[in-house]
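Trainee: Sequence first, predicted coordinates after that:
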Amino acid sequence: QVQLLESGGGLVRAGDSLRLSCAASGRAVNTYTIGWFRQAPGKGREFVGTITSTRSITYYADSVKGRFTISRDDAKKTVYLQMNSLKPEDTADYYCAARQIYLDSLLSDSSDYGFWGQGTQVTVSA
């Protein structure tokens, strides 16, 4: 089992950058695929991107491709979401999620993940 804690959210202006962290605790964290999702006010949860456990392969939603980058430091048990060129439409609560899987499967559905953090708020002003 793994516990997740997001941090790094805040209020920024359009065009700014922000880095979110997802700190994991528990055993064998390096065997978990980690996904990032977001939920804007009044909207459903949206896939942002994911990084696999075995070879750290990444996959992103079209809406963030080229602007967001996911990386992981298994020694620190932390996954990062680097967000550049932020837009007002990126405003949302951001969540990280985990699933223990030994294959490099690219998981983009929220139902693929069994463990979730509590979220961190990101607000981008115009």
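Mentor: Happy to help now that I have it. Computed from a prediction, not measured in an experiment: that's the story for all the values here.
Trainee: beta partners of Leu81?
Mentor: In this entry, Leu81 is beta-bridged to Leu20, Ile70, by DSSP bridges.
Trainee: Distance check, it against Leu103.
Mentor: Separation of Leu81 from Leu103 (C-beta to C-beta, to the nearest Å): 22 Å. (C-beta placed from N, C-alpha, C; glycine too.)
Trainee: Next up, the contacts around Asp109.
Mentor: Phe47 (C-beta atoms under 8 Å, 6 or more residues apart in numbering).
Trainee: Hmm, Val29 is touching Lys76, no?
Mentor: No: under the criterion of C-beta atoms under 8 Å, Val29 makes no contact with Lys76, lying 9.6 Å away.
Trainee: From the neighbour counts alone, determine which of those two ranks first.
Mentor: Ranked by neighbour count (other C-beta atoms under 10 Å), Val29 and Lys76 place Val29 first, with 23 against 12.
Trainee: Now the more buried one. Nearest residue, chain neighbours left out?
Mentor: Once flanking residues are discounted, Val29 sits nearest to Lys77: 4.6 Å by C-beta to C-beta, 6 or more residues apart in numbering.
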